[in-house]
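**Student:** Pasting the sequence and the predicted coordinates here, then a few questions.
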Amino acid sequence: AEIFTEMGSELPWMTTMLISTSDFFVDFWWLVFMGIGGAWVGFNKWKESSNGKKKWDRFVLKIPIFGPLIRMLSIARFTRTLSTLLNSGVPILTSLSIVKSVVTNETLSSVIEEAKEAVKEGHSIAEPLKSSGEFPPMVTHMIAIGEKTGELEPMLSKVADAYDQQVDNTLNTLTSLLEPILILVMGGVV
């Protein structure tokens with residue numbers, strides 16, 4: 001930077017920007033760390049608010065690769081817990097209340113709450129799950145069949161097994177792709 005300024009000639013705008021950025025980070029490094037820390041704290045506060053949690057959970061489900069994985073995990077947890085509770089003789093409304101707290105994603109929890117309200121009014125569980133669009137058609141179809149045949153618990157268990165298997169397969173695939181991706185990233189950095 002000193003050599004360039006001693007030359008006295010006008011520098012390209014990219015070089016000027018690079019020198020200015022470097023000077024800012026040297027002189028105000030503490031401000032950068034404070035800004036990052038403040039942004040992190042602010043983001044966490046926003047995420048803990050009810051409106052922020054809803055928006056964040058909706059966004060998380062739309063993230064490529066990881067969104068579907070999180071959805072599969074939540075659905076597997078939902079179906080496995082509901083199946084276990086119903087097999088144990090817990091009433092369906094109580095079971096849905098418990099399962100709602102087990103599913104940590106606010107978007108899916110609100111759909112489960114709608115299903116609970118529908119059951120209170122005499123409707124099936126599958127209808128609000130299907131109409132929400134948050135649960136895959138295979139899941140809602142299996143639940144509807146389980147309700148019609150009186151075999152809801154085994155059907156929920158089968159759905160949970162299928163989704164657990166899908167999660168395992170997806171994680172194995174992602175793990176096997178991790179090494180080549182890291183090699184490519186490191187090669188790109190070098």
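**Tutor:** On my side now, so go ahead.

**Student:** Would you mind identifying the next helix or strand past whatever helix or strand Val32 lives in?
**Tutor:** In this assignment (DSSP states H and E), Val32 forms part of helix 29-48. Proceeding N to C from helix 29-48, the next assigned helix or strand is helix 50-62, under DSSP H and E.

**Student:** The residue nearest to the spatial centre of the chain: what's it in contact with?
**Tutor:** By Cα atoms, centre = their mean, the chain has its centre lying nearest to Val60, at 3.5 Å. Each residue near Val60 by Cβ atoms under 8 Å, 6 or more residues apart in numbering is listed here: 66-67, 70, 105. (Glycine included, C-beta is placed from N, CA and C.)

**Student:** same deal with Ala126?
**Tutor:** Ala126 is in contact with 140-141, 143-144, 147, counting by Cβ under 8 Å, 6+ apart.

**Student:** about what we covered before: got TSV for the contacts of Val60, with distance to Pro136, neighbour count and pLDDT too?
**Tutor:** Formatted as TSV, these follow (distance: Cβ to Cβ, whole Å; neighbours: other Cβ atoms under 10 Å; pLDDT from 0 to 100):
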residue	distance to Pro136	neighbour count	pLDDT
Phe66	17	13	89
Gly67	13	14	91
Ile70	13	18	91
Asn105	14	24	88
